[in-house]
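> next comes the sequence, and after it the predicted model I'd like to discuss.
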Amino acid sequence: MPSAELVQEAARQMVICNACRYCEGYCAVFPAMELRRAFSAQDLSYLANLCFDCRDCYYACQYAPPHEFAVNVPRVFAELRADTYRDYSWPRLLAGLYRRGGLAGGVISAVSVAAVLLLVLVLGGPGVLLSAHVGQAAFYRVVPYAAMVLPALAIALFGLAVLLAGAIRFWRDTGGSLREMLDGRALLRATADAFTLRYLAGGGAGCNYPDEGFSQSRRWLHHLVFYGFLLDLAATTVAAAYDHLLGRPAPYPLLSAPVVLGTLGGVMLVAGTVGLLVLKRRSDPAPAERRMVAMDVAFLLVLLLTSLTGLLLLALRETGAMGALLAIHLGMVAALFVTLPYGKFAHLVYRYAALIRGAIEQARA
Ligand code: SF4
Ligand code: SF4
């Protein structure tokens with residue numbers, strides 16, 4: 001749970017906001033806040049995960065620092081969200097490591113890449129890494145089928161299990177029942193809000209990001225990352241179907257569905273992650289929280305390197321660099337999936353759960 005001091009501080013700020021209510025049109029947080037008179041740790045965790053960090057309320061606030069009330073909603077909510085990712089994930093050791101930010105992300109990536117390179121060296125020798133492999137099933141001549149598929153499946157299932165268990169605990173702790181989780185209307189509302197990133201539009205003119213000027217750039221860059229990630233997942237799924245159902249293992253022609261989907265997704269991910277890293281570097285640190293910034297940067301860098309190595313592999317797959325590039329790309333994919341439940345990616349799960357709860361509450365109000 002968040003520390004007593006953090007809960008007390010967040011509750012203090014919510015009491016001021018509840019009396020003021022100037023920001024009620026900006027996002028889902030303020031209408032949800034207005035349904036409450038007092039704020040428990042669970043209420044605050046729920047409200048914090050409804051926040052999209054658009055920062056509109058910070059720059060609009062007449063009580064923000066240097067005012068003595070020192071209201072800074074995005075910052076206190078970012079602290080609470082960082083605690084949510086810690087409290088609802090396991091094992092604690094891995095969660096704690098990743099919260100050290102870029103350094104831990106870098107160490108996990110380096111270890112993953114080294115492990116795959118070592119595996120290839122042990123199974124096939126250095127020649128496999130440094131010679132060209134072409135034709136059907138060329139990738140399996142570098143990393144054999146079982147060594148590629150089984151660890152990937154185990155890591156992906158473990159990550160999904162951690163995220164699902166965290167989401168269920170978060171849902172229960174914020175007062176939800178199983179029946180409510182299956183509320184069709186609320187699911188539809190929350191899904192539409194999530195897929196359009198509605199609350200990254202702030203009050204309509206966009207986020208106050210990277211500074212107090214209004215801008216839609218963060219929303220569009222998030223769209224690139226989100227839909228780029230989905231396209232890459234679709235590419236992997238189609239490739240798996242080609243391999244296992246049609247007996248056609250990778251690599252595939254440039255105009256095949258897996259390559260077109262994967263390339264489009266990869267380019268969108270590179271553009272989106274680079275754009276978000278630039279915005280983050282230029283952003284005002286006053287409404288930001290140090291741990292959350294470190295987690296954001298680590299996640300974006302791992303995602304960027306995964307996409308870049310995937311695109312490089314596609315461009316150089318018929319050259320002698322293919323073996324080494326495949327091993328490096330698989331190592332980055334492993335690092336991405338190992339770290340998913342402990343870092344910034346977790347916000348997708350907890351924010352979606354909070355959006356469902358928000359839709360249920362507003363329908364009842
Ligand atoms: S953030 Fe400031 S302006 Fe907005 S509701 Fe709270 S106290 Fe009022
Ligand atoms: S930062 Fe944006 S999303 Fe978060 S509470 Fe303020 S207005 Fe709402």
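Great, that's in hand. Ligands and ions are numbered 1, 2, ... in the order given.
> C-alpha from now on. contacts and neighbour counts both.
OK.
> any low-confidence regions in the stretch 51-200 of the chain?
For the stretch 51-200 of the chain, applying pLDDT under 70 flags the ranges 93-102.
> residues from it in reach of ligand 2?
Residues of the stretch 51-200 of the chain that fall close to ligand 2, judged by C-alpha under 6 Å from any ligand atom: 51-57, 73-74.
> now render the residues you listed as a markdown table, adding distance to ligand 1.
Formatted as a markdown table, those follow (distance: C-alpha to the nearest ligand atom, whole Å):
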| residue | distance to ligand 1 |
| --- | --- |
| Cys51 | 12 |
| Phe52 | 14 |
| Asp53 | 12 |
| Cys54 | 12 |
| Arg55 | 9 |
| Asp56 | 9 |
| Cys57 | 5 |
| Val73 | 6 |
| Pro74 | 9 |
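> just the ones of the residues you listed in helices?
Here DSSP state H is the test, and these give 56-57, 73-74 as lying in helices.
> I'd like to know which of these are buried.
56-57, 73-74 (16 or more other C-alpha atoms under 10 Å).
> now stretch 315-324: mean pLDDT?
Averaged over stretch 315-324, pLDDT sits at 94.
> before we move on, what about stretch 251-267?
Rounded mean pLDDT across stretch 251-267 is 97.
> quick one: buried residues of that stretch?
Residues 251-252, 257-267 are the ones in stretch 251-267 that count as buried (16+ other C-alpha under 10 Å).
> name the residues that touch it?
Contact with stretch 251-267 is made by 135-139, 227-232, 234-236, 238-239, 307-308, 310-311, as judged by C-alpha atoms under 8 Å, 6 or more residues apart in numbering.
> please, where are all the strands along the stretch 51-200 of the chain?
Remark: no strands are assigned in the stretch 51-200 of the chain by DSSP state E, counting those that start in this stretch.
> the residue of it found nearest ligand 1 and Ala28, how far apart?
Residue nearest to ligand 1 within the stretch 51-200 of the chain: Cys61 (3.7 Å; C-alpha to the nearest ligand atom). Going from Cys61 to Ala28 by C-alpha to C-alpha, to the nearest Å gives 17 Å.
> and the protein, which residues reach ligand 1?
Residues of the chain lying near ligand 1 (C-alpha under 6 Å from any ligand atom): 16-17, 20-23, 57-58, 60-63.
> report the buried members of the residues you listed.
Buried by 16+ other C-alpha under 10 Å: 17, 23, 57-58, 61, 63, out of the residues of the chain next to ligand 1.
> now for Ser359, how many residues are close by?
For the record, residue 359 is Ala, not Ser. Neighbours of Ala359 under the rule other C-alpha atoms under 10 Å: 21.
> so how many other residues sit close to the nearest residue to it once chain neighbours are set aside?
Once flanking residues are discounted, Ala359 sits nearest to Ala186: 5.0 Å by C-alpha to C-alpha, 6 or more residues apart in numbering. Ala186 has 21 neighbours, counted by other C-alpha under 10 Å.
> got the contact list for Ala186?
Per C-alpha under 8 Å, 6+ apart, neighbours of Ala186: 356-357, 359-360.
> ok so, going back, and the spatially closest residue to the residue of the stretch 51-200 of the chain closest to ligand 1 that is not a sequence neighbour, how many residues sit next to it?
Distance criterion C-alpha to C-alpha, 6+ apart; nearest residue to Cys61, sequence neighbours excluded, is Val71 at 7.6 Å. By other C-alpha under 10 Å, 25 other residues sit near Val71.
> name the nearest residue to Asp87, ignoring sequence neighbours.
Nearest non-adjacent residue to Asp87, counting by C-alpha to C-alpha, 6+ apart: Met1, 6.2 Å away.
> hmm, that neighbour is touching Ala82, no?
No - Met1 is not in contact with Ala82 according to C-alpha atoms under 8 Å; the separation is 10.8 Å.
> so these two - more neighbours on which side?
Set Met1 next to Ala82 and count neighbours by other C-alpha under 10 Å: Ala82 wins out with 25 against 14.
> neighbours of the closest residue to the more buried one other than its chain neighbours, how many?
If the residues on either side of it in the chain are set aside, Ala82 comes closest to Met292, at 6.1 Å by C-alpha to C-alpha, 6+ apart. Residues contacting Met292 under the criterion other C-alpha under 10 Å number 22.
> so Met292 is in which element?
helix 290-315 (DSSP states H and E).
> just checking, what packs against that helix?
On a contact count with 3 or more C-alpha pairs under 8 Å, 6 or more residues apart in numbering; DSSP states H and E, helix 290-315 meets helix 73-87, helix 102-124, helix 257-282, helix 322-339.
> restricted to buried residues, select the contacts of stretch 251-267 in ChimeraX.
Per 16+ other C-alpha under 10 Å, the buried members of these correspond to this ChimeraX selection:
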select :137,138,139,227,228,229,230,231,232,234,235,236,238,239,307,308,310,311
